[in-house]
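# Quick one, structure for this:
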Amino acid sequence: MDDRPTPPLSPEPASGPRDGDLPAYLGNGLIGLRIREVPLFAGMVLVSGLAGAHPERGIEAAAAAPYPLSGDLAIDGVWMSEQPWGVGDLRQSYDFATAELHSAFTFKAGARTLSVEVVTFASRTAPSIVAQEVRVTADGPCDLKFRAVVSIAGLTGRIARRRTDTPGEPEPACDGSLLWETAEALGQCGLALATEAPAAAGRKVLTWCDAGPLCTEHEIRLASGKAARFRQLAALIPSVLHGRPDEEAVRRVARASRDGFDVLRRCNRAAWAEIWEGRIVIVGASARHQALVDAAFYYLNASAHPASPASTSIFGLATWRDYHYYYGHVMWDVDAFCLPPLILMQPDAARAMLAFRSRGRPAAAANARLSDRQGLQYPWEAAPGTGQEAAPGAGDAAHHEDHVSLHVARTFSLFADATGDQRFLEEEAWPVLSGVADWFVSRVSRTGRGFELLRSMGPAEVPTPPDNDAFSLMAGADVLRRALRVSERLRRPAPDAWKTVLADLYLPVRSDGVIAAHDDYDRREEKGATPSPLAGLFPYDYPASPSVSRRTLAFYLKLWPDYVGSPMLPALYCVWAAMAGDRDLALKLFEEGFAAYDRPRFHQCLEYRLDHAEGPAAGPFFANLGGMLLGLCYGLTGLVVDDGEPDTWARRPITLPAGWEAVRIDRLRVRGRSARLVARQGAERAELSFS
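Below is the predicted model of the structure:
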């Protein structure tokens, strides 16, 4: 096996228009950009924590901010925006290693043609900053104008304040700033712009009006074949991070300007080089499958940052005009599928995401009280600003899909175990874990069969919620075990109800030894192929007997053709097939349950396979890509993280998909140290070693 580090596989370059594919998604965890094929045409931007009233539903939702890196070009007075049919030769490439998007196009007006090259990135080391460089070359002498624009086109909201001066200063600190207020004044975002142009260029900051965009125009006489370089730096600050965010944006963009584009770019590349040290390498896998793993690794890490105030949504910080459901809400999929890999890859970013749930404890407590329950009941769709329930309409899923709280609590426990952070365990994990344990024992009902979970849906969303959803019961048992373990470790008294419920918790098991998805389960029912009991075996490590585990795996694995195409759980099929010992099926289900969701243009994993569903392509979908990464980090490696010594975490013999020789991760963060994880096909256990 070749253990030498290798660079990530970037997607193939794209040429021409998208023709319905999604635009490139570029992010750093605080800011997410959707960038068009011509990057100077305004795309869309989300800023973590920026909320507004949804224009259709009226609920609190993630709100788009003014697009900070748009612009325009003119040849001898003819503007590209006024003659877009002059644009051609569209090319775009994505360098995942450096998190840079490279774009190129031509613009022809009259007898002249401009060749334009654009580099765009979102800084990881200065997370409020996005940066863009535009290099323009003409095929003959001409007068060139370049405009850098912070665009407000198509947004709902208003400019609450706009400045192109800096009060009390003889010279402005930057080109200008905006204070953007979202619909119904649910949030604000400060933006500031700074530009750089050749020394010979004339510069003019266009004042427009108090309600207009920011715009700086540069003009230069361009010689044939000689490039002119223009640079845009923009800062975006949500009001949840600063009370006067436009003023803070000015300070941030001024600092970035002093450092300069090249320094920002170099630091960003170094930060990504460090992240890529944790790359998941599949020795023996096809280049295509490795490329999809690299893409998932990239998009997840590009959507998480220690500066993020509002976790991340099921589409990260990506949105587009033809899909808007989920509204940027924080949902259980993030806690269940995305956070566990991040805990080992980027623990500081994972902690910031958990901090959103910590700040949401009052909302979770109020939610429980409104349902006449104890403890903490986290909302089904947590609003990015308040953390309160924001499910649209009647909120049917919010009424009956109770299991979100269990995933939140488990992830707090997992973080404490993986990092060994005692202070976090006491101050953050214990309040959530104990609060959710209190909620769970108040949610179940004592019957003649034990403690049952009545009228509660699992991942299979059906019109009538069944009794005793197995996935929720298995997750509930896991949370009670964790709460009891932590109470003993911290010497905190545990309510007797925790032990009583755990000891007599009912689980529907059929006469053939298969865990039923719920009471009265019938495989022919609506969504009867949903493999939710398998999710109780992994990632929830429910301690079923070997016989029950084997029978349950065999039963639901046979149903995979009726379920793939749906979102979320199919990404785990590969692990379940490997747990059943079927290497050929594991490889087939990696393809069917994950790889087939890929769109080749920049490998944005979709929510639904387009051959199984109608509607627009929506991605990157984080339940799918997070679930796949979860399976590689924990499932195929047999890693069970607890408060014991890390060398005891590897618990299962290694079975990998056919042709795969090993899963290798050269750098994980475990208990504050760098660790290496290698799972070799046929080995008794994976190897977790410290450098």
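# and the residue nearest to Gly682 when sequence neighbours are not counted, how many neighbours does it have?
Nearest non-adjacent residue to Gly682, counting by C-beta to C-beta, 6 or more residues apart in numbering: Ile654, 6.4 Å away. C-beta coordinates here come from the backbone N, C-alpha and C atoms, glycine included. Counted with other C-beta atoms under 10 Å, residues neighbouring Ile654 total 22.
# Show the backbone phi and psi for Ile654.
phi -90, psi 120 (degrees, to the nearest 10).
# cool, the one 4 residues further on as well?
Its backbone dihedrals place Ala658 at phi -50, psi 130, with angles given as degrees, to the nearest 10.
# Next, find the distance separating it from Gly638.
Ala658 sits 18 Å away from Gly638, going by C-beta to C-beta, to the nearest Å.
# cool, and Ile152?
Ile152 is 52 Å from Gly638, by C-beta to C-beta.
# that older thread, settle it for me: which of Ala658 and Gly638 has more neighbours?
Each of Ala658 and Gly638 has its neighbours counted (other C-beta under 10 Å); Gly638 has more, 22 against 14.
# how about the nearest residue to that one, chain neighbours excluded?
Going by C-beta to C-beta, 6+ apart, Gly638 has Arg652 as its nearest residue, at 3.2 Å.
# Also Arg609?
Once flanking residues are discounted, Arg609 sits nearest to Gly565: 4.4 Å by C-beta to C-beta, 6+ apart.
# can I assume Ala350 is in contact with Leu339?
Yes: using C-beta atoms under 8 Å, Ala350 makes contact with Leu339 at a distance of 5.6 Å.
# List the buried residues for stretch 116-130?
Of all the residues in stretch 116-130, those buried under the rule 16 or more other C-beta atoms under 10 Å are 116-124, 126-130.
# Stretch 417-433 too?
Asp417, Ala418, Thr419, Asp421, Phe424, Leu425, Glu428, Ala429, Trp430, Val432, Leu433.
# you'd agree the fifth one is in a helix?
I take that to be Phe424. Yes: under DSSP: H, G, I helix; E, B strand; the rest coil, Phe424 sits within a helix.
# contacting residues for it?
Listed by C-beta atoms under 8 Å, 6 or more residues apart in numbering, the contact partners of Phe424 are Arg351, Phe415, Ala416.
# Could you list the low-confidence segments of the protein?
1-5, 323-324 (pLDDT under 70).
# Turn the contacts of Phe424 into a markdown table, including secondary structure, neighbour count and distance to Leu559.
As requested, those are exported to a markdown table (DSSP: H, G, I helix; E, B strand; the rest coil; neighbours: other C-beta atoms under 10 Å; distance: C-beta to C-beta, whole Å):
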| residue | secondary structure | neighbour count | distance to Leu559 |
| --- | --- | --- | --- |
| Arg351 | helix | 19 | 38 |
| Phe415 | helix | 24 | 33 |
| Ala416 | helix | 26 | 36 |
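# which residues in the stretch 1-150 of the chain form helices?
With DSSP state H, counting those that start in this stretch as the criterion, the stretch 1-150 of the chain has no helices.
# just the strands in it please.
14-15, 24-27, 31-35, 44-53, 60-64, 67-75, 78-79, 87-95, 100-109, 112-122, 129-138, 142-151 (DSSP state E, counting those that start in this stretch).
# Now render those as CSV, adding distance to Cys209.
Converted to CSV, the strands of the stretch 1-150 of the chain look like this (distance: least, C-beta to C-beta, whole Å):
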stretch, distance to Cys209
strand 14-15, 38
strand 24-27, 31
strand 31-35, 27
strand 44-53, 23
strand 60-64, 22
strand 67-75, 18
strand 78-79, 20
strand 87-95, 29
strand 100-109, 28
strand 112-122, 29
strand 129-138, 25
strand 142-151, 14
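# Ala350 and Leu339: which is more packed in?
Leu339 (29 against 26).
# Tell me the secondary structure at Ala679.
Under three-state DSSP, Ala679 comes out as strand.
# Am I right that Pro362 is in a helix?
Yes: counting by three-state DSSP, Pro362 is part of a helix.
# Report the contact partners of it.
No residues are in contact with Pro362 under the rule C-beta under 8 Å, 6+ apart.
# Repeat that for Gly593.
So Gly593 contacts Trp560, Val564, Pro570, Ala571, Leu572, Tyr573, Cys574 (C-beta under 8 Å, 6+ apart).
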